[in-house]
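Asks: Turn this into a model:
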Amino acid sequence: MSEGRTLNHPGPVAADRIIAVSCSAVHQRVTLKAGFTLLQAMVDAVGEVGAWFDLDNVSVEKLTFVRPAPAPDDRHVAWYSAQTVLTSATIKRAGSHLGRRDGAAFAHVHGLWTDSNGSPHAGHLLAEATVLSTDHTVDAWVLEGAIFDMKADAETGFTLFHPVSMGAVEHPNATLATIRPNELLEEGLAKCSDATGLRFRTIKGLGSLVGTKLEGQPILEDDATEILLTGEAGRGGISVGFAGPPIIGNLALGANRVCVTFEVLLLS
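Replies: Below you'll find the predicted structure:
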């Protein structure tokens, strides 16, 4: 069994490889309104709080996204491609962490979408530059007691989401967590659970991997790939590398290591 390769990041290696905060997550069915950016529609639906959104078959007037790309300098292990803008597109399947950046709402979205011709694309969707064309009802998990907040990360040189406690909750049923570079993904998920003592049944998560290995799919060898976890237990994934196209399947166990960060909501 492969254990996956690792990358050397430019900054000092952080001592804590897992940051996890217990919280309460409440499932809601909410409507995202047409004519607004995806970011604004999510905030209008739940407020400026921590939340996760499942985005399935959402029609958009304009969709803006990037893929991972080679690093332009020696201060990062990878970077982002130029933006691609699609019109009359459909978000086939995506997930979004809603948090905050510089005190304002910010969303991190990965997934799969199709253009007006039905061709598939995947990567990192820019919620602030994607506009909905129709109202759409989606599943959301609204958090109490925790939120993702952006801050500079010395190890990777990126500005990343970090889970922040917003106060104790009486009956926590979820863990909001990040997994740092070079951790095996499934081991990192187990450590997130151990950190709060909460067992989990459902995983909502996205992040980057050092290449991606999915069962029965071509291996993505790029230093950085982006992925959305799928399936209740997070065993599936939609992943893309520098050039595309996306691959879809179950994660090969013991073969996928975190590249820059992995952000998860574990639901018990």
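
Asks: switch to C-alpha atoms for all contacts and neighbour counts from now on
Replies: OK.

Asks: average model confidence for the longest helix anywhere in the chain?
Replies: In the chain, taking DSSP state H as the definition, the longest helix is helix 185-196. Mean pLDDT, helix 185-196: 97.

Asks: What lies in contact with it?
Replies: 18-22, 175, 177-179, 199-200, 253-254, 256-258, 266 (CA atoms under 8 Å, 6 or more residues apart in numbering).

Asks: same question, stretch 219-233
Replies: Against stretch 219-233 from outside (CA under 8 Å, 6+ apart): 7, 67-70, 77-78, 94-95, 110-111, 123-124, 201-213, 235-242, 259.

Asks: Helices along the protein, start to end?
Replies: Along the chain, counting by DSSP H, helices occupy 38-46, 185-196.

Asks: can you tell me which residues contact Asp56?
Replies: Residues near Asp56 by CA under 8 Å, 6+ apart: 91-94, 138.

Asks: need those residues in CSV with neighbour count, can you?
Replies: Shown next, in CSV, are the contacts of Asp56 (neighbours: other CA atoms under 10 Å):
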residue, neighbour count
Ile91, 21
Lys92, 17
Arg93, 19
Ala94, 26
Val138, 17
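
Asks: Residue most distant from the centroid, this protein?
Replies: Going by CA atoms, centre = their mean, the residue of the chain most distant from its centre is Glu170, 27.3 Å out.

Asks: what's the pLDDT at that one?
Replies: At Glu170, pLDDT is 95.

Asks: What about it? Give its phi and psi, please.
Replies: The phi/psi pair for Glu170 (degrees, to the nearest 10) reads phi -70, psi -40.

Asks: quick one: it from Gly157, how far?
Replies: Going from Glu170 to Gly157 by CA to CA, to the nearest Å gives 36 Å.

Asks: what do you get for Ala174?
Replies: Distance from Ala174 to Gly157, by CA to CA: 29 Å.

Asks: out of the two, which sits in the more crowded spot?
Replies: Ala174 (28 against 15; other CA atoms under 10 Å).

Asks: for the more buried one, what are its contacts?
Replies: 22-25, 198, 200, 265-268.

Asks: Identify the residue with the minimum pLDDT among the residues you listed.
Replies: Among the contacts of Ala174, Ser268 has the weakest pLDDT, 93.

Asks: Enumerate every residue touching the closest residue to Val131 other than its chain neighbours.
Replies: Leaving aside its sequence neighbours, Val131 sits nearest to Thr37 (CA to CA, 6 or more residues apart in numbering; 4.2 Å). By CA under 8 Å, 6+ apart, Thr37 lies in contact with 127-132.
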